[in-house]
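Predicted coordinates and the sequence they were generated for:
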Amino acid sequence: MRMPTASHRGCVRFPGLLNDYSGSLPALLIAVALVGGACGAGNAKSQDEFPVPDSPAAPPAKIVIPPEGEPGEPLVISGMIYQSDGRTPAAGVTLYLFHTDAKGIYSPDQEEGKPPKPRLQGWVRTKADGRYEFRTIRPTAYPGGDTPAHIHAGVYGRGVRYWINDYWFADDPLITAKQRKRVNEPEGSGKVIVTLERDDKRVWRGTRDITLKKAETTP
Ligand SMILES: [Fe+2]
């Protein structure tokens, strides 16, 4: 088994994945989304080529991603999704999320040549108030890599469907000073650094609001 490797930009690559894969189309779309979407966030061409995967059913606005007893430090991220004006809550928008586990891997049974299946993934869909919340465990960085721990995310609905910047965490020592500086520049480094604080129940909590681009396509 070959493990995914991380590039300097923090995207995950699965060696040979797309060259020798011959599975089903939905699985391939997931694979392409993982390889291309994760690495191509922020790039318009990539967004068109690597669609965010649909949810298996109409999801709620508040979800729990991991199964009961999942190892790791509990984490809750909440926020708002706004329409492109940055003020109006965006209803009916789905946020797709996936991330590594406490060991820094997406799936322990990843087979070479097969599409990656993120074990920890979920979908939240906003209601009229535009709010979302997901509870999960803090992902950790890829084993032996220098890519900061992160959560991949994409949105769809209201005429949009694209990958958004990963969630990074402000206390992550793998984030370099250069990366911290760049993330505050216009366009940033393709990441969003979320500040986490632990509540009295030892749950990490953070917020991130998302403003949608202007609708360009039919969802
Ligand atoms: Fe990743």
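That came through, no problem. Residues are numbered from 1 along each chain as shown.

Please count neighbours and contacts with C-alpha atoms only from this point.
OK.

show me where pLDDT drops low in this protein?
Where the chain drops to pLDDT under 70, the residues are 1-51, 110-116, 186-189, 216-219.

At which residues are the strands of it located?
5-6, 12-13, 62-64, 74-82, 94-99, 120-125, 131-137, 151-157, 160-169, 191-194, 197-198, 204-207, 210-211 (DSSP state E).

residues in contact with the fourth one?
What it means is strand 74-82. Strand 74-82 is touched from outside by 88-90, 93, 126, 130-138, 202-212, with contacts defined as CA atoms under 8 Å, 6 or more residues apart in numbering.

for the third one, same thing?
Strand 62-64 is touched from outside by G122, W123, V124, R125, Y132, E133, F134, R135, T136, with contacts defined as CA under 8 Å, 6+ apart.

Show me what that strand pairs with in its sheet, parallel or antiparallel.
Partners of strand 62-64 in the sheet, by DSSP bridges, are strand 131-137 (parallel).

about what we covered before: mind checking which of the strands of the chain is nearest G144?
Closest of those to G144 is strand 5-6, at 9.4 Å (criterion: CA to CA).

ok, how many other residues are close to the spatially closest residue to D199 that is not a sequence neighbour?
Nearest non-adjacent residue to D199, counting by CA to CA, 6 or more residues apart in numbering: R205, 7.1 Å away. Around R205 there are 17 other residues, counting by other CA atoms under 10 Å.

related to what we said a few turns ago, please tabulate the strands of the chain in CSV, including the columns distance to K181.
Formatted as CSV, those follow (distance: least, CA to CA, whole Å):
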stretch, distance to K181
strand 5-6, 21
strand 12-13, 23
strand 62-64, 32
strand 74-82, 23
strand 94-99, 24
strand 120-125, 29
strand 131-137, 27
strand 151-157, 20
strand 160-169, 14
strand 191-194, 11
strand 197-198, 21
strand 204-207, 20
strand 210-211, 20
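
Out of the ones you listed, the one nearest P56 is which?
Proximity to P56 (CA to CA) singles out strand 120-125 among the strands of the chain, at 8.7 Å.

so the closest one versus strand 151-157, what angle?
Between strand 120-125 and strand 151-157, the angle comes out at 30 degrees (axes from the mean of the first three to the mean of the last three CA atoms, to 10 degrees).

Paired strands for strand 120-125, with orientation please.
When DSSP bridges is applied, strand 120-125 pairs with strand 94-99 (antiparallel).

Would you mind getting the angle between the partner strand and strand 74-82?
Interaxial angle of strand 94-99 relative to strand 74-82 (the same axes, to 10 degrees): 150 degrees.

Give me the buried stretch members for strand 94-99, please.
T94, L95, Y96, L97, F98, H99 (16 or more other CA atoms under 10 Å).

Just put those in JSON lines and tack on distance to F169.
Formatted as JSON lines, those follow (distance: CA to CA, whole Å):
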{"residue": "T94", "distance to F169": "22"}
{"residue": "L95", "distance to F169": "19"}
{"residue": "Y96", "distance to F169": "18"}
{"residue": "L97", "distance to F169": "15"}
{"residue": "F98", "distance to F169": "15"}
{"residue": "H99", "distance to F169": "13"}
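
tell me which of the residues you listed is nearest to P71?
H99 (13.7 Å).

partner residues bridging the closest residue to the closest one other than its chain neighbours?
Leaving out its chain neighbours, the residue that sits closest to H99 by CA to CA, 6+ apart is I151, at 4.8 Å. Beta-bridge partners recorded for I151 (DSSP bridges): H99, Y167.
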